[in-house]
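Novice: model the structure of this input:
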Amino acid sequence: MDQVQETIAKQVKENPILLYMKGSPQQPQCGFSMRAAQALAGCGKEFAYVDVLQDEAIRQGIKEFGNWPTIPQLYLNGELVGGCDIIMEMYESGDLQKMVDQAAESASN
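Specialist: Have a look, this model is predicted:
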């Protein structure tokens, strides 16, 4: 495993709720990242994020890591949940809230 993949694996392992996005939740740099961050924020738990625009290697590496071609990407407890469309569907159905709550709970144990 190369350095970038190791870095990503460490980030995913250390952060139970982790969003790879363009920009930050306060200043998203694309509409998809903005919607994903807003949905996560709507779940009311703290979450970590990685701004892929700050590091081109991470930006490319995360696509390979989860075998997912687009950003944003949400990881909960080390598992890839998906991108913006999936995040929004799960948010609207209430599933995202449940999964985020579980991830936050496992982090506090």
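
Novice: list the contacts of the longest helix seen in the chain.
Specialist: Longest helix of the chain, by residue count under DSSP state H: helix 95-108. Helix 95-108 is contacted from outside by 16-17, 39-40, 43, 45-47, 76-77, 81, 87, 90-91, using Cβ atoms under 8 Å, 6 or more residues apart in numbering. (C-beta placed from N, C-alpha, C; glycine too.)

Novice: next one: stretch 74-83 to chain centre, how far?
Specialist: Put simply, stretch 74-83 sits 6 Å off its chain's centre (Cα atoms, centre = their mean, to the nearest Å).

Novice: bridged to Leu18, which residues?
Specialist: Note on Leu18: beta-bridge partners by DSSP bridges are Ala48, Tyr75.

Novice: so for the longest helix of the chain, mean pLDDT?
Specialist: Average pLDDT, helix 95-108: 93.

Novice: not counting sequence-adjacent ones, nearest residue to the residue most central in space within the chain?
Specialist: Centroid check for the chain by Cα atoms, centre = their mean gives Leu19 as the closest residue, at 1.9 Å. The shortest distance from Leu19 to any non-neighbouring residue, by Cβ to Cβ, 6 or more residues apart in numbering, is to Tyr49 (4.5 Å).

Novice: state the pLDDT value of the one you found.
Specialist: In this prediction Tyr49 is given a pLDDT of 98.

Novice: again with the one 10 residues further on
Specialist: At Arg59 the predicted local distance difference test score is 97.

Novice: burial count for the residue lying closest to it once chain neighbours are set aside?
Specialist: In this structure, Arg59 finds its nearest non-sequential neighbour in Val52, 3.9 Å apart by Cβ to Cβ, 6+ apart. Around Val52 there are 23 other residues, counting by other Cβ atoms under 10 Å.
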